[in-house]
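> A predicted structure for the sequence below; I have some questions about it.
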Amino acid sequence: MTRETIAARMPLLAAAMLAAMLAGCGDDRSELRSWMENVRATMQPVRETIAEPKKFEPFRYDRAAEVHPFARTRLAGLSADDARSSRGSVLKPDLARPREQLESFPLDAIRMVGHMSNGRQNFALLQVESVVHQARVGNHAGQNHGVITRVAENEVRLRELVQDAAGDWVHRETTLQLQEGGK
């Protein structure tokens, strides 16, 4: 065969190869259909029963003689005079007295770094930031109207005056422990 004959038959040969390749991409899906029918016949459907929901029974608050927990007067709070008269509470902070320097800081910012005694009275050395203050029984410290009630070699006890959830003033005991070493 010569070059010219091969060149002349090349388009014909390419067309024959293309036809053979397209014949392989036929639309015969019979094998796929038989497999799907086989799977459908052997698979059992999942049949889970869902349990019935529990019946909701509302709670009825039937203690009419007691204070209702969601009463508007309870939620809004009573006025200061009403609260004092109804509960007999006389605890309240003295806002008229001059504030001491250690009352400007929260208790978690105050560290006890030492103790001194002159024989008659004990003094605590309380550090705030880089400044050390002397404090004794009766001094105030912290932002919750705290009064120092006891100074010992390793701790300072305070009695704070804080409001509870109902708005009543109550006492809370707090202790500052001696901080040994660095920060």
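Structure's in. What do you need?
> any idea which residue sits dead centre in the protein?
The residue lying closest to the centre of the chain (Cα atoms, centre = their mean) is A165, at 19.4 Å.
> And the next helix or strand past the lengthiest helix in the chain?
Assignment by DSSP state H gives helix 3-24 as the longest helix of the chain. Toward the C-terminus, helix 3-24 is succeeded by helix 30-42 as the next helix or strand (DSSP states H and E).
> then that following helix to CSV, C-alphas only?
Output in CSV follows, covering the C-alpha atoms of helix 30-42 (Å, rounded to 0.1, in the frame of the first residue of the first chain):
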residue,chain,number,x,y,z
SER,A,30,-31.2,-5.0,31.5
GLU,A,31,-28.4,-6.2,33.9
LEU,A,32,-29.0,-3.2,36.1
ARG,A,33,-32.7,-3.7,36.1
SER,A,34,-32.4,-7.4,37.1
TRP,A,35,-30.1,-6.6,39.9
MET,A,36,-32.5,-3.9,41.3
GLU,A,37,-35.4,-6.4,41.1
ASN,A,38,-33.4,-9.0,43.0
VAL,A,39,-32.5,-6.5,45.8
ARG,A,40,-36.1,-5.4,46.1
ALA,A,41,-37.3,-8.9,46.4
THR,A,42,-34.8,-9.9,49.1
